[in-house]
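# kindly return the folded structure for what I paste below:
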Amino acid sequence: MIVETLSKRDMFSEDMRQQLSMLILDGFERKFTVKLFNVNVAKDIAKFLARYVSENNNQLIIAHQNTDIYGCLFYSSKEAGSSLYDAIKKFYSGTTRLKVILFFLVLGYKPLSNETYIEFLVVSNKCRRQGVGTQLIKYCQRQLLTKKLTLYVAAENTRAIKLYQKNNFVVRKVQHSMLSRICVNHEKWCFMVWEKSDEDCYDRNV
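Predicted coordinates:
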């Protein structure tokens, strides 16, 4: 299994973008379809996200063998200047645009200076519990240019919380959101943080 940023690949085919779309749909489908969207719109949003993250390829880490993608991690930072909302405005219109913006507003977070935020991490069903998620996280930690790596995860998603804790993330706070409960059926969220140590900085530079 090769783990690398998408920007290090010479080519990213339409077939690979389709695989990325299916991965994203698999990871987000329950959130997509629980209240705001039907299955067809959810598939369309997954395609939109796949195109968006592949175009912002320096923020996308993929786990693959040749042209088969088995996992991905997409992150953002204040320095990266990601413009997801501008992309949404160009791609959607009317009530669908409002729903998509609302969805990402509920799940979104603006990282502070010297902070990198994991927007999402998805692993193929074929490779669950085979260490792919850990490989993606560790690659992100090694390449990190900021002091902190952060994320939000639903408090009831204990499997994901254990994965992050295994990779030295700690829960810094637990938040409740009624809007989130209404939109995606998750009210309670854990904000988790990994901080780079001096030893990590040294290892990256040797």
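# quick check: bridge partners of the residue nearest the centre of the chain?
Centroid-nearest residue in the chain, with Cα atoms, centre = their mean: residue 120, separated by 1.4 Å. For residue 120, the beta-bridge partners are residue 74 (DSSP bridges).
# quick one: contacts for it?
Neighbouring residues of residue 120 by Cβ atoms under 8 Å, 6 or more residues apart in numbering: 24, 27, 28, 73, 74. Any C-beta I mention is one placed from the backbone N, CA and C, and that applies to glycine too.
# gap between residue 106 and residue 134?
Remark: distance between residue 106 and residue 134 (Cβ to Cβ, to the nearest Å) = 28 Å.
# my bad, should have said residue 87
30 Å.
# how about residue 89?
According to Cβ to Cβ, residue 89 stands 36 Å off from residue 134.
# strands of the chain, start to end?
2-5, 60-65, 68-77, 115-123, 148-154, 170-176, 188-195 (DSSP state E).
# will you turn those into JSON lines that also has distance to residue 18 and mean pLDDT?
Shown next, in JSON lines, are the strands of the chain (distance: least, Cβ to Cβ, whole Å; pLDDT from 0 to 100):
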{"stretch": "strand 2-5", "distance to residue 18": "19", "mean pLDDT": "90"}
{"stretch": "strand 60-65", "distance to residue 18": "14", "mean pLDDT": "93"}
{"stretch": "strand 68-77", "distance to residue 18": "10", "mean pLDDT": "93"}
{"stretch": "strand 115-123", "distance to residue 18": "14", "mean pLDDT": "94"}
{"stretch": "strand 148-154", "distance to residue 18": "26", "mean pLDDT": "96"}
{"stretch": "strand 170-176", "distance to residue 18": "35", "mean pLDDT": "96"}
{"stretch": "strand 188-195", "distance to residue 18": "31", "mean pLDDT": "97"}
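# residue 52 against residue 84, yeah?
Yes - judged on Cβ atoms under 8 Å, residue 52 makes contact with residue 84 at a distance of 6.6 Å.
# rewinding a little: just put the strands of the chain in CSV and tack on distance to residue 101.
Listed next are the strands of the chain as CSV, based on distance: least, Cβ to Cβ, whole Å:
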stretch, distance to residue 101
strand 2-5, 28
strand 60-65, 22
strand 68-77, 16
strand 115-123, 15
strand 148-154, 18
strand 170-176, 21
strand 188-195, 19
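# so which of these gets nearest residue 42?
Of all the strands of the chain, strand 115-123 sits nearest to residue 42, with 14.2 Å by Cβ to Cβ.
# return the closest one as PDB; C-alpha atoms alone will do.
C-alpha atoms of strand 115-123 as PDB (Å, rounded to 0.1, in the frame of the first residue of the first chain):
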ATOM      1  CA  GLU A 115      -3.400  24.600  13.000                       C
ATOM      2  CA  THR A 116      -4.300  21.900  10.400                       C
ATOM      3  CA  TYR A 117      -7.700  20.400  10.400                       C
ATOM      4  CA  ILE A 118      -8.700  17.000   9.200                       C
ATOM      5  CA  GLU A 119     -11.900  17.600   7.100                       C
ATOM      6  CA  PHE A 120     -12.500  13.900   6.600                       C
ATOM      7  CA  LEU A 121     -10.800  10.500   6.600                       C
ATOM      8  CA  VAL A 122     -12.400   7.600   4.800                       C
ATOM      9  CA  VAL A 123     -11.200   4.000   4.300                       C
END
